[in-house]
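Trainee: sequence plus the predicted model coming up.
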Amino acid sequence: MIATELDRLAALHSSGKLSDDEYQRAKARVIEGEAPTASPGARLMRRSRQDRWLGGVCAGLARYAGLEAWLVRLLFVALLLMGGFGVLAYVLLWIFMPSE
């Protein structure tokens with residue numbers, strides 16, 4: 001069972017789906033016998049608790065998409081200026097996106 005998990009992690013790491021740091025953490029969890037909370041390599045969309053101005057939505061979306069947080073914030077401001085859709089989208093994401 002552990003050997004199978006380690007082989008699967010190694011395959012994900014060699015294919016580039018896991019960074020070196022993610023691989024080491026996942027490998028340590030498998031060896032210590034912790035149950036994985038999500039499949040390795042899965043990116044979860046969560047509101048950020050550290051990099052937040054209001055609700056952490058922009059930073060969470062940026063981390064999920066692999067972008068800089070300032071770029072996502074700029075996008076929301078642009079959407080705000082184009083009819084206010086940015087406010088509606090931000091509030092809905094704030095309500096429905098789980099926090100870290």
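Mentor: Perfect, I can see it now.

Trainee: all strands of this structure, in order?
Mentor: Using DSSP state E, the chain contains no strands.

Trainee: any weak-confidence spans in the protein?
Mentor: Applying pLDDT under 70 to the chain flags residues 1, 34-43.

Trainee: mind giving me the domain ranges of this structure?
Mentor: Domains of the chain are assigned by automatic domain parsing as 2-32, 43-100.

Trainee: tell me the most buried of those domains?
Mentor: domain 43-100 (a mean of 15; mean count of other CB atoms under 10 Å). Backbone N, C-alpha and C define where each C-beta goes, glycine included.

Trainee: mind checking how far that domain is from the chain centre?
Mentor: 12 Å (CA atoms, centre = their mean, to the nearest Å).

Trainee: and what of stretch 25-35?
Mentor: 20 Å.

Trainee: all helices of this structure, in order?
Mentor: 2-14, 20-32, 57-65, 69-81, 85-96 (DSSP state H).

Trainee: any idea which of those gets closest to Gln50?
Mentor: helix 57-65 (7.7 Å; CB to CB).

Trainee: quick one: the closest one to helix 69-81, angle?
Mentor: Helix 57-65 and helix 69-81 are oriented at 120 degrees to each other (axes from the mean of the first three to the mean of the last three CA atoms, to 10 degrees).

Trainee: contact partners of helix 57-65?
Mentor: Applying CB atoms under 8 Å, 6 or more residues apart in numbering, the contact partners of helix 57-65 are 43-48, 50-52, 67-69, 71-73, 76, 90, 93-94, 97, 100.

Trainee: where's Arg73 relative to Leu67, distance?
Mentor: Using CB to CB, to the nearest Å, Arg73 is found at 10 Å from Leu67.

Trainee: ok, now Val91?
Mentor: For Val91 relative to Leu67 (CB to CB), the value is 21 Å.

Trainee: what's the answer for Ala89, then?
Mentor: 16 Å.

Trainee: same check on Thr4?
Mentor: 35 Å.
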